[in-house]
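> Sequence first, then the predicted structure, then my questions.
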Amino acid sequence: MKLALALLLVASQLNVLVQSQEKDLSCKDNDVFQAVDTALTTYNTQRSSGSQYVLYRITGASLTNSDEQIFAITYEVREGDCTIQTGKNWKDCGYKKSENQEQGKCAAKVKSENGKTFIVIEQNCNIAPVHEAVVAARGPCHGCFNSISTNSSDLEEILKHAVQHFNEKSNHEHIFALKEVLRASRQVVNGWNYKFQYSIIQTDCLKETDQLNSECQPKPQGEIRICSDSAYEDAHMNISITSQTCNLENELNSSISPELREPLKHSLEKINSETKSNFYFKTLRILKAEPLVGSGTGHTIEFYIKETECSKEKEKYSEYCGFNEFGNVLKCTANVLEEEGTFKPTVLCEEPVQVLMKRPPGFSPFRSSLVELPLESGVPDFDLLGPNPTNPPAEPSTQEEKTGKEDDIEDDDLIPDIIVEPKSSLFPSLPDLPEPKCPGQPWKPVEVTDQGTEEREDDVFNLSDAI
């Protein structure tokens, strides 16, 4: 029994001695890098497909000084831009430039033989799976105006009151009927607030003899108006039109040249069908338009577009959609080719470049507020006179000189002497702390340059060019 206890005690002491021989290494050590290189190369060669992994940084390293030198290392990797099939070493690859770049951590034990050959004993890598990019979306605002379908049954009575309100207030001799609902939104309050836009058309019924009913038919060349209304409906279903603005349809399109309306219309349809925005875009301003250069007829148009309040999910696009105050603005260039009455637009849109105005040197926006008119004074400014003024200032009298000297002495005596102490540090000198050994600096992949197109530094300036 005593012999067993003695053997156990000796074994525990030996184990302590072995553990004490492990020492931490710097992540900048060359042997540590050689061990990581061997471990990462081995991991890449064991994979049959996909991208190679490139070292990002070494995070920890230690060495066991026994009969065999064993490095315990941990390091981080990133997905590279080289595939396994290329056969390249990971040091010849760069990082994959993608939001879906894979990354992970590895822990390995590498044995060194004579400090030249490194062999991986064991290794475990944990690669994080790729997560799809999160698409930003707007959350519902329950206290805001939210778009509703133009076919909603809740709008029937609201629209009936709106058209009736127009017919009662307008001076037109004909009755107008609802043509189309363009957009609508609703806000929950103590009741409901509505904002909606619609078009009305002139019918063949007269106000004096008829009322709006199913027998009133739209006139073939009848006047069309676009109305924007606000209405309130209380909890008892009482409806009141709070505001109403109706304009002629032609007045709203008068700012766009007739020959550009169709090309712009087809360009916007293409933009709205291809953009990922949840809201329709609408023309904000036309910069320039000119005939298309080359064969065929068409136009090249540069214009700005801006997001509207019309949602793609609940509404269809209309020229009367109002702009969203905080909507995105894009600058577009459209080449619209017209062939036999059909339009084929090619559109390129990008965010406009913001140009910052540079203030002239010495200019201050507050300069105008700092300008003060000089105060009038009866004493001439002798600095502005010539070298021989006609009326030089009078010399002070002897009595004035004495009085002035006495005043100067008295003033100097009142000012105490200020003792200037030598500069000293607020903090006592502290010894420099040792730099941490790990983690190391991120690995910088080698940038491959084209020797045929790379410009040599000594070719940048040629002495013959200066002669």
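Thanks, I have the structure now. Everything numeric in this text was worked out from a predicted model, so none of it was measured.
> Y320: neighbour count?
Look at Y320: counted by other C-beta atoms under 10 Å, it has 21 neighbours. In short, each C-beta sits where N, CA and C put it, glycine included.
> need the helices for the stretch 201-350 of the chain, in chain order.
Assigned by DSSP state H, counting those that start in this stretch, the stretch 201-350 of the chain shows helices spanning 249-252, 258-274.
> if you compare those helices, which one is most tucked away?
Comparing those by mean neighbour count (mean count of other C-beta atoms under 10 Å), helix 258-274 ranks first with a mean of 16.
> What mean pLDDT does that one get?
Averaging pLDDT along helix 258-274 yields 87.
> same check, this time on stretch 313-327
Rounded to a whole number, the mean pLDDT of stretch 313-327 is 78.
> buried ones in stretch 72-83?
Buried residues in stretch 72-83, defined by neighbour count with 16 or more other C-beta atoms under 10 Å: 72-82.
> The nearest residue to S257 once chain neighbours are set aside and H299, how far apart?
Spatial nearest neighbour of S257, chain neighbours left out: A289 (7.5 Å); criterion: C-beta to C-beta, 6 or more residues apart in numbering. Separation of A289 from H299 (C-beta to C-beta, to the nearest Å): 6 Å.
> what's the overlap in contacts for the two?
Overlap between the contact sets of A289 and H299, as judged by C-beta atoms under 8 Å, 6 or more residues apart in numbering, is given by L260.
> of those two, who's got more company?
Between A289 and H299, H299 has the larger neighbour count (other C-beta under 10 Å), namely 22 against 18.
> In contact with the more buried one, which residues?
Applying C-beta under 8 Å, 6+ apart to H299 gives the contacts 259-260, 263, 289-292, 334-336.
> Please name the bridge partners of it.
Note on H299: beta-bridge partners P291, V336, judged by DSSP bridges.
> Let's see the pLDDT reported for it.
On the pLDDT scale, H299 is placed at 85.
> secondary structure element for Q187?
Element membership for Q187, per DSSP states H and E: strand 174-189.
> In its sheet, which strands sit next to that strand, and in what direction?
Short version: by DSSP bridges, strand 174-189 pairs with strand 146-147 (antiparallel), strand 191-206 (antiparallel).
> Deepest in the core, which of the ones you listed is it.
The stretch of those with the highest mean neighbour count (mean count of other C-beta under 10 Å) is strand 191-206, at a mean of 19.
> pLDDT of that strand, averaged?
What strand 191-206 shows for mean pLDDT is 91.
> heads up, I number from 40, so please use that
That works, and once the first residue is 40, the last one we named lands at strand 230-245.
> export that strand as PDB, just CAs?
C-alpha atoms of strand 230-245 as PDB (Å, rounded to 0.1, in the frame of the first residue of the first chain):
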ATOM      1  CA  GLY A 230     -61.800  56.700 -36.000                       C
ATOM      2  CA  TRP A 231     -59.900  56.700 -39.300                       C
ATOM      3  CA  ASN A 232     -58.100  59.300 -41.400                       C
ATOM      4  CA  TYR A 233     -58.000  58.600 -45.100                       C
ATOM      5  CA  LYS A 234     -55.800  60.100 -47.900                       C
ATOM      6  CA  PHE A 235     -56.600  59.000 -51.400                       C
ATOM      7  CA  GLN A 236     -56.100  60.000 -55.000                       C
ATOM      8  CA  TYR A 237     -58.500  59.200 -57.800                       C
ATOM      9  CA  SER A 238     -59.700  60.400 -61.200                       C
ATOM     10  CA  ILE A 239     -63.100  61.600 -62.200                       C
ATOM     11  CA  ILE A 240     -64.600  62.100 -65.700                       C
ATOM     12  CA  GLN A 241     -67.300  64.300 -67.100                       C
ATOM     13  CA  THR A 242     -70.600  62.600 -67.800                       C
ATOM     14  CA  ASP A 243     -73.600  63.500 -70.100                       C
ATOM     15  CA  CYS A 244     -75.800  64.300 -67.000                       C
ATOM     16  CA  LEU A 245     -76.500  68.000 -66.100                       C
END
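> still on that earlier bit, may I ask which two of the buried residues of stretch 111-122 are separated the most?
Distances among the buried residues of stretch 111-122 were taken as C-beta to C-beta; the most separated pair is A111 and D120, at 30.0 Å.
> what ranges of the stretch 340-489 of the chain fall below the confidence cut-off?
The stretch 340-489 of the chain contains residues with pLDDT under 70 at 353, 393-473, 484-489.
> Quick check: can you list the domain ranges of the protein?
Residue ranges for each domain of the chain read 57-167, 185-290, 295-389, as given by automatic domain parsing.
> can I get those domains in TSV with distance to P475?
Listed next are the domains of the chain as TSV, based on distance: least, C-beta to C-beta, whole Å:
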stretch	distance to P475
domain 57-167	9
domain 185-290	55
domain 295-389	45
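> P168: how many residues sit nearby?
P168 has 6 nearby residues by other C-beta under 10 Å.
> Oh, that last question was meant for T281, not what I typed.
Residues near T281, counting by other C-beta under 10 Å: 11.
> Not including adjacent chain positions, what is the nearest residue to L64?
Excluding its sequence neighbours, the residue lying closest to L64 (C-beta to C-beta, 6+ apart) is A100, at 4.3 Å.
> Show me what the helix or strand that contains that neighbour is packed against.
Assigned by DSSP H and E, A100 belongs to strand 90-103. For strand 90-103, the elements it packs on are strand 61-63, helix 69-84, strand 108-122, strand 142-152, judged by 3 or more C-beta pairs under 8 Å, 6 or more residues apart in numbering; DSSP states H and E.
> Provide the strand pairings for the shortest one, with the direction of each partner.
Strand pairing for strand 61-63, determined by DSSP bridges: strand 90-103 (antiparallel).
> What angle do strand 142-152 and the partner strand make with each other?
Counting by axes from the mean of the first three to the mean of the last three C-alpha atoms, to 10 degrees, strand 90-103 lies at 50 degrees to strand 142-152.
> wait, what's in contact with the nearest residue in space to E329 that is not next to it in sequence?
Nearest residue to E329, sequence neighbours excluded (C-beta to C-beta, 6+ apart): T339, at 5.5 Å. By C-beta under 8 Å, 6+ apart, the contact set of T339 is 328-332, 372-375.
> thinking again about what came up before, and the strand holding Q226, C-alpha only, in PDB?
Presented in PDB, the C-alpha positions along strand 213-228 are these (Å, rounded to 0.1, in the frame of the first residue of the first chain):
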ATOM      1  CA  HIS A 213     -72.000  68.600 -65.900                       C
ATOM      2  CA  ILE A 214     -71.900  65.900 -63.300                       C
ATOM      3  CA  PHE A 215     -68.600  64.000 -62.800                       C
ATOM      4  CA  ALA A 216     -68.300  60.300 -62.000                       C
ATOM      5  CA  LEU A 217     -65.600  58.200 -60.600                       C
ATOM      6  CA  LYS A 218     -63.100  56.900 -63.200                       C
ATOM      7  CA  GLU A 219     -60.300  55.200 -61.300                       C
ATOM      8  CA  VAL A 220     -58.800  55.000 -57.800                       C
ATOM      9  CA  LEU A 221     -55.100  55.700 -58.000                       C
ATOM     10  CA  ARG A 222     -53.900  55.200 -54.400                       C
ATOM     11  CA  ALA A 223     -55.200  55.200 -50.900                       C
ATOM     12  CA  SER A 224     -53.800  55.200 -47.300                       C
ATOM     13  CA  ARG A 225     -55.400  55.100 -43.900                       C
ATOM     14  CA  GLN A 226     -54.400  56.100 -40.300                       C
ATOM     15  CA  VAL A 227     -56.000  54.800 -37.100                       C
ATOM     16  CA  VAL A 228     -57.000  57.500 -34.700                       C
END
